[in-house]
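A.B. asks: Provided below for reference: sequence and predicted model.
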Amino acid sequence: MNQNKKKISVYAFKVLFLAVIAFLAGAIASYAQVPINVEGKIFIQTENEKGEDETKPVAPEDVMLYYFDSYSEALSKADELRADLNAFINWEFVQKETVELDGSFVVYDALTGGGLLACGTAIGSQPVTLRLSARDGEEEVRIILKSEGVTLQGVTISGQSQAVGADPPVPEQFGNVIFIKDANISIPSHIGKTSARLVICPFVYNHDRKDTAHYRAPRVYAGKEFYMSQKRHVGFDEKKDPLFGYTVSYDFDEKNHKYVWSDTVVCPNATENFQVLGRYYFEDYLGVYKEDSIILTSRYKRRPMRFLQYDFAAYELDPNEYRDVPKTEKREGSEDISLSFVIGKAELDMNDPNNEVELKKLEDKIYGLVNDKGSLLRRIEISSVSSPDGSYALNYNLSVKRLAFAQKLVKSKIPAKKLIGVTDLTDPRKSARVAKWTELADILYADTLEAEPILKDSLVSVAGKIYDIAKQYSNHDMQSARISRLPEYNSLIKRYLPRLRSMKFEYTAQVHRALTTEEIMEKYNDYKAKGIKEMDFKPYEYWHLFQMVKDTFELENLYRLAYKSSLAYYRGTVSDKILYLAANNLARSYISRDTFDIQVLKPLINEKVQGVNVPRKTVDGQPYVVNKLEIVANQLLMCLKKDDYENAGKYAKMLKSRQNEDERIKQLVAVTYCLRGYYRVTQNLPEEEKKERLEFFDTVCKTSPMNEVVMYLAMNSTSYNNEAINLLSDMPYDNPLVQYLKAVAYGRMGDTGFNDAMMALKTCFMLDSKYVGIASTDGDIPEDLYKSALELYEIDKELMELSGGY
Amino acid sequence: MMNKLKYIVLGLLFCFTVNISAQQFALKTNGLMWGALMPNVGGEVVFGERFSFDLSAFGGYKPYKMDAKLFGLNPEVKYWFSGRPMVRHYIGLAFLGVSYDMKFKEKQFDGKAGGAGLSFGYSWLLSERLNLEISAGFGAVFFRQRRLYSSDNTTDYEIFSKKKENSTGVKLMPTKIALSISYIIR
């Protein structure tokens, strides 16, 4: 029995030992060292004068490269260098590798599991270590040293690039839309796996504001196994996976390890510099195991339509078609009458010459109301307010008497038959009142705004005292008594009392005729004189004012008022005449001032209806049109001014149906489509679309020689490029745009055209320095061309300054 | 003994049928055993994010005209590295229990063996429900058997009509070798 137990324990030990060996030699990857040759290149990343990152091959004298048979030795040597950059002096038997002039190197007979150590010398970067593994390296090893020396890009493992990288193409931008075509996203094979998915979250970055403009929908590339195994999960519902809907099923290029990405990005505007960047995440069943940033488009963009020239005048509506019919309307008005009475009596003070003037004014007003043809008086009301000084009862009674006097006076001017049906408050007791002392205090406070500083304090002080007294004593007479004893009563308060006294004559009349143009103008001038901004006119009055007022600023204001007031009643039918006229005129005014507001005409365009001047009928059979051509055309013009080519395209589509009727419309439509990039013909397009695009191209070319050049260059092909060069050679030499376009054309010829391009660009800068900024971010101007031309320009500029401009 | 084993297997299967509603369950069979003319069937149940339990039963009756009868069970507990059971690599603890009666080169072996060992495997996803799995296990197997020569008078080894084992021991040997195809039922 004991022997059996001993046997069992021996065997158990053997089993355990073998299990450990099997574990190590089993499914886990072996770390046995295998010899490989490693080829690579070392780059240095620095910041240029613009603050942008710049990567270029490192010079041999600026870097040290060592190879070690074990990675741990490489790590310990790296630590030594971090502590002391000269530590390598004491290293014996350490294999130093040669770096060529272009930063390239080859390490022969390296072993997997070994380590490379790279470190900058004078540039002060941190040392970098690499572990070599047993995978075949077909791609170049890339080591990038950063001068600040923290993280690396392109740290290599076994001869393959490590990072996910996009081959950022130079995108084309048309207006505010960036078209990205065939950006290759490379996935190193040792990062991606079939049991993982790659999530790329693109976002648009605004370089001018140094801020993110907006985020775009993520793209998910899933390994074959990833979703297959996920769906096996009991209860798995792919609809609950927020990323599932963004999975794209493009073919993955296995040989080159890449996905191809194309997209259309709408930016907030066309003027600022946007770039598409992104974050990528590799996620397997256990979570995210790798993430980093990625550049999806180049910062430089080709904007082939940037220099397209066009200038379209705004479209006018015939005012006679939009004349509104005057209608019966109710008019209300009021007049302030300033009559002075004998003190303590309800008799007019005939010594006051102002009374005569006021009476005459009142008489004229009443005469106009009652004798005007088509005018029917409906209501009159006279109210009176007396000042608060003294006894309330006395003041009130006096006010009533004076009001009764005024009522009698007014009625005496109106024939009896005109008073039939007129409502008025005959009881003066209801229309008369005594002003409160607090009203005086309010006036005093209001006057502090414009008062001189010395007076301001007094006004505030007195107003405060009056408030206090009014609060303390509820009885008016007590208030009067206290206030009259204030020291400022005679000097200040008494001067303000007349402002509380007033008599107002209000009326309502029905007018059965349109106002004459003189009356309308008078009314307008009246508003202007009183500084009233919210003028109230009827539609036909606005119509007349549009014809009469000549000042463009005032006219625009009238258009705006008419638009706002009539928009509230917009029904989209024939009755909206003044709205259409006002809106269109307002738009024309904006266009002539080279500005825009696309919200003005938007309510008048039905985007669901295709075409312009589409006939419709109201319920009772009255015809009208939807999408008036002039309205749509002006809206399109404002969209073009705004560089909003997306919306411009919609309106151009509506106008397309009429382009053959009007040459101007044809050009406008063609320019819009070309600005959106709708001019290139590719083989996969239907025949009709090819024909249409060619027509647009031809139409725009015919608008001007410069536009012809711009269109040829926009085609971005050798034959068109040559044509453009021929045309440019006949154009004026001293036109900076001509020189710029020459630089673009010659620059596309590569080395053969480089010198011509450089000289043309330099000349352009000399003629107009604004092109320096334009060229710096133009994808059509290669960086080396730009730098060379800029250098020459600066030298020439200096020489010119030294020689006094000759 | 065989009857007892049958009842044990049936009982375990019954337990699995009760628990299936809560877990992923797959049916599988080992192609290599079929190659050895040993029909076999198994089931695998997932529990948790990384674990699964596999139970296979196999048997053989005179395969390739050999004088042999055997019946066995192969339970195994697996740990899946990928974080998803029945996908990619795993490591496991494989058990083996077998009852056999065979004749080989004038010797007869009649007994039972049981053992345990470590196993490793890899599973490929062929489709949403189909897997191909390769695995191997190695460990210690304890046996108790009656070893006779064919010329032996077997009655000498029977006392009161009970068979008496005359050979016990432990061998280091594979506890599992499989190339299996499995079908995930749910």
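C.D. replies: Right, received. Where do you want to start?
A.B. asks: now the closest residue to chain A within chain B: closest residue in space, sequence neighbours ignored.
C.D. replies: Here the residue of chain B nearest chain A is B:G83; by CB to the nearest CB that distance is 3.6 Å. In this view, the C-beta of every residue, glycine as well, is placed from N, C-alpha and C. Spatial nearest neighbour of B:G83, chain neighbours left out: A:Y285 (3.6 Å); criterion: CB to CB, 6 or more residues apart in numbering or on different chains.
A.B. asks: against B:L125, how distant is the residue of chain B closest to chain A?
C.D. replies: Taking CB to CB, to the nearest Å as the measure, B:G83 falls 14 Å from B:L125.
A.B. asks: is it true that the residue nearest to B:G83 touches B:S82?
C.D. replies: Yes - if you go by CB atoms under 8 Å, A:Y285 and B:S82 touch, sitting 5.4 Å apart.
A.B. asks: give me the common contacts of the two.
C.D. replies: Contact with both A:Y285 and B:S82 is made by residues A:S195, according to CB atoms under 8 Å, 6 or more residues apart in numbering or on different chains.
A.B. asks: which residues of chain B fall in helices?
C.D. replies: Along chain B, counting by DSSP state H, helices occupy B:2-19, B:31-35.
A.B. asks: swap in the stretch 101-250 of chain A?
C.D. replies: A:224-232 (DSSP state H, counting those that start in this stretch).
A.B. asks: also the stretch 301-450 of chain A?
C.D. replies: Shown for the stretch 301-450 of chain A, the helices assigned by DSSP H, counting those that start in this stretch span residues A:353-371, A:392-413, A:428-431, A:437-447.
A.B. asks: residues touching A:S384, list them.
C.D. replies: A:399, A:402-403, A:406, A:428, A:431-433, A:502-504.
A.B. asks: how does it look with 6 Å?
C.D. replies: Taking CB atoms under 6 Å, 6 or more residues apart in numbering or on different chains as the criterion, A:S384 is in contact with A:399, A:403, A:432, A:503.
A.B. asks: what's the pLDDT at residue 26?
C.D. replies: You didn't say which chain, so I picked chain A. With respect to pLDDT, A:G26 scores 43.
A.B. asks: that's the wrong chain, I meant chain B
C.D. replies: Turning to B:A26, the model gives it a pLDDT of 93.
A.B. asks: around chain A, pick out the residues from chain B.
C.D. replies: Counting by CB under 6 Å from any CB of the partner chain, the positions of chain B adjacent to chain A are B:24, B:82-84, B:87, B:89, B:118, B:120, B:125, B:128, B:138-140, B:170, B:184.
A.B. asks: tally of neighbours for the residue in the stretch 501-650 of chain A that chain B sits nearest to?
C.D. replies: Of all residues in the stretch 501-650 of chain A, A:E646 sits closest to chain B, at 42.0 Å by CB to the nearest CB. By the criterion of other CB atoms under 10 Å in any protein chain shown, A:E646 has 15 neighbours.
A.B. asks: and if you look at A:N490?
C.D. replies: A:N490 has 10 neighbouring residues, counting by other CB under 10 Å.
A.B. asks: name the nearest residue to the residue minimising distance to the centre of chain B, ignoring sequence neighbours.
C.D. replies: By CA atoms, centre = their mean, chain B has its centre lying nearest to B:N74, at 2.7 Å. Excluding the flanking residues, the one nearest B:N74 by CB to CB, 6+ apart is B:S56, at 4.4 Å.
A.B. asks: cool, A:L586 as well?
C.D. replies: In space, and not counting its chain neighbours, A:L586 is closest to A:Y559: 4.0 Å by CB to CB, 6+ apart.
A.B. asks: got a pLDDT number for that neighbour?
C.D. replies: Taking A:Y559 on its own, its pLDDT is 94.
A.B. asks: helix, strand or coil for it?
C.D. replies: Counting by DSSP: H, G, I helix; E, B strand; the rest coil, the backbone at A:Y559 sits in helix.
A.B. asks: report how many residues lie close to it.
C.D. replies: 25.
A.B. asks: surely it touches A:A583?
C.D. replies: No - between A:Y559 and A:A583 there is no contact under CB atoms under 6 Å: 7.8 Å.
A.B. asks: list the contacts of A:M711.
C.D. replies: Here A:M711 is in contact with A:700-701 (CB under 6 Å, 6+ apart).
A.B. asks: which positions within the helix or strand hosting it qualify as buried?
C.D. replies: Secondary structure from DSSP states H and E places A:M711 in helix A:705-715. Neighbour-count burial for helix A:705-715 flags A:706-715 (criterion: 16 or more other CB atoms under 10 Å in any protein chain shown).
A.B. asks: ok, which pair from those is furthest apart?
C.D. replies: Using CB to CB, the buried residues of helix A:705-715 span at most 15.6 Å, a distance reached by A:M706 and A:M715.
A.B. asks: taking the stretch 651-800 of chain A, what residue is nearest to chain B?
C.D. replies: As assessed by CB to the nearest CB, chain B sits closest to A:N684 within the stretch 651-800 of chain A, at 34.8 Å.
A.B. asks: one step back: which of the contacts of A:S384 lies closest to A:D324?
C.D. replies: Nearest member of the contacts of A:S384 to A:D324, counting by CB to CB, is A:M503, at 37.7 Å.
A.B. asks: what about that closest one, neighbour count?
C.D. replies: Residues lying near A:M503 (other CB under 10 Å) number 23.
A.B. asks: beta-bridge partners for it, please?
C.D. replies: A:I337, A:S384 (DSSP bridges).
A.B. asks: grab the most central residue of chain A for me.
C.D. replies: For chain A, by CA atoms, centre = their mean, the most central residue is A:P268; offset 4.6 Å.
A.B. asks: OK, contacts around the closest residue in space to it that isn't next to it in sequence?
C.D. replies: Nearest non-adjacent residue to A:P268, counting by CB to CB, 6+ apart: A:A213, 5.6 Å away. By CB under 6 Å, 6+ apart, the residues touching A:A213 are A:204, A:206, A:268.
A.B. asks: let's see 10 Å
C.D. replies: A:A213 makes contact with A:203-206, A:265, A:267-269, A:272, A:274-276, according to CB atoms under 10 Å, 6 or more residues apart in numbering or on different chains.
A.B. asks: again with A:K650
C.D. replies: Contacts of A:K650 (CB under 10 Å, 6+ apart): A:605, A:607, A:610, A:632, A:635-636, A:639, A:644, A:672.
A.B. asks: those: which two are farthest apart?
C.D. replies: The span of these, defined through CB to CB, is set by A:Q610 and A:D644 at 19.8 Å.
A.B. asks: neighbour count winner among those two?
C.D. replies: For A:Q610 versus A:D644, the count of surrounding residues by other CB under 10 Å is larger for A:D644: 20 against 13.
A.B. asks: what is the burial count for residue 132?
C.D. replies: Using chain A here. For A:L132, the count of nearby residues is 28 (other CB under 10 Å).
A.B. asks: chain B was what I was after
C.D. replies: 14.
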